[in-house]
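**Student:** take this sequence and fold it.
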Amino acid sequence: MKTKSNDIEIVKVQVFSNYKVISMNTEGITHKEAMIFPNGEANCLNWVLGHLIYIRNAFLNTLGEESVWDNDKFSCYNRGEMPLEKKDELIDFEELKSYLKKSQDKLEAKLISIEKFNPETINDIAIFCLHEIYHSGQLGYLRRILGKPGAVK
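**Tutor:** Residues are numbered from 1 along each chain as shown. Now for the predicted structure:
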């Protein structure tokens with residue numbers, strides 16, 4: 001039996017772990033709570049989660065997979081958008097969580113089946129993993145700001 005290359009194994013651990021942290025940090029958050037902008041300006045939980053999914057779609061595309069949503073329709077979650085100005089476009093938090101699950105299922109299936117990464121994509125894949133780690137930590141702080149107990153112990 002052929003073993004997977006270390007780079008795929010590292011990315012698998014990161015994608016699986018990030019999903020667990022993201023799920024824990026979004027557990028028990030209502031749509032109303034997810035729409036609260038701390039200090040009246042910081043990104044809300046809804047936008048951060050939607051942004052993670054938006055960038056996960058680019059990750060999926062880099063691996064040769066289809067996005068889980070139409071990026072044009074969900075452009076309010078793109079990098080550089082001003083979520084406070086786009087809050088009427090942000091979708092229901094439970095629906096967002098279902099898109100997260102779809103993206104996870106597709107990423108896991110691809111990472112389990114892939115033999116090797118295209119060498120030209122290694123930098124992008126590393127940045128996608130870093131991006132997820134960065135924003136999953138933000139979700140933890142946003143959760144605490146809402147008065148919820150920390151999810152990652």
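**Student:** and the residue most central in space within the chain, what element?
**Tutor:** With distances taken as C-alpha atoms, centre = their mean, L52 lies nearest the centre of the chain, 2.9 Å away. Using DSSP states H and E, the element containing L52 is helix 45-62.
**Student:** which stretches of this protein form helices?
**Tutor:** Ranges of helices in the chain, per DSSP state H, are 6-26, 31-34, 45-62, 93-113, 122-145.
**Student:** out of those, nearest to N78?
**Tutor:** Smallest distance to N78 across these (C-beta to C-beta): 5.7 Å, for helix 45-62. (Glycine included, C-beta is placed from N, CA and C.)
**Student:** run a quick neighbour tally on the closest residue to S75 other than its chain neighbours.
**Tutor:** Counting by C-beta to C-beta, 6 or more residues apart in numbering, the nearest residue to S75 once its immediate chain neighbours are dropped is E81, at 7.1 Å. For E81, the neighbour count with other C-beta atoms under 10 Å is 17.
**Student:** okay, now the unreliable bits of this structure?
**Tutor:** 1-4 (pLDDT under 70).
**Student:** quick check: end-to-end length of stretch 24-41?
**Tutor:** 24 Å (C-alpha to C-alpha, to the nearest Å).
**Student:** revised request: answer the last question for stretch 108-125.
**Tutor:** 14 Å.
**Student:** can you give me the buried ones in it?
**Tutor:** For stretch 108-125, the neighbour count (16 or more other C-beta atoms under 10 Å) marks K110, L111, I114, F117, D124, I125 as buried.
**Student:** what about the closest residue to I112 other than its chain neighbours, distance to C129?
**Tutor:** Ranked by C-beta to C-beta, 6+ apart and with sequence neighbours excluded, the top spatial neighbour of I112 is K12, at 7.6 Å. From K12 over to C129 the distance is 10 Å, taken as C-beta to C-beta, to the nearest Å.
**Student:** so what's L130 up against?
**Tutor:** Neighbour list for L130: empty [criterion: C-beta atoms under 8 Å, 6 or more residues apart in numbering].
**Student:** and it, how far is that from G64?
**Tutor:** Distance of L130 to G64, computed by C-beta to C-beta: 21 Å.
**Student:** what's the neighbour count on R56?
**Tutor:** 26.
**Student:** contacting residues around the nearest residue to it once chain neighbours are set aside?
**Tutor:** Once flanking residues are discounted, R56 sits nearest to S103: 4.4 Å by C-beta to C-beta, 6+ apart. For S103, the contacting residues are I53, R56, N57, L60, V68, by C-beta under 8 Å, 6+ apart.
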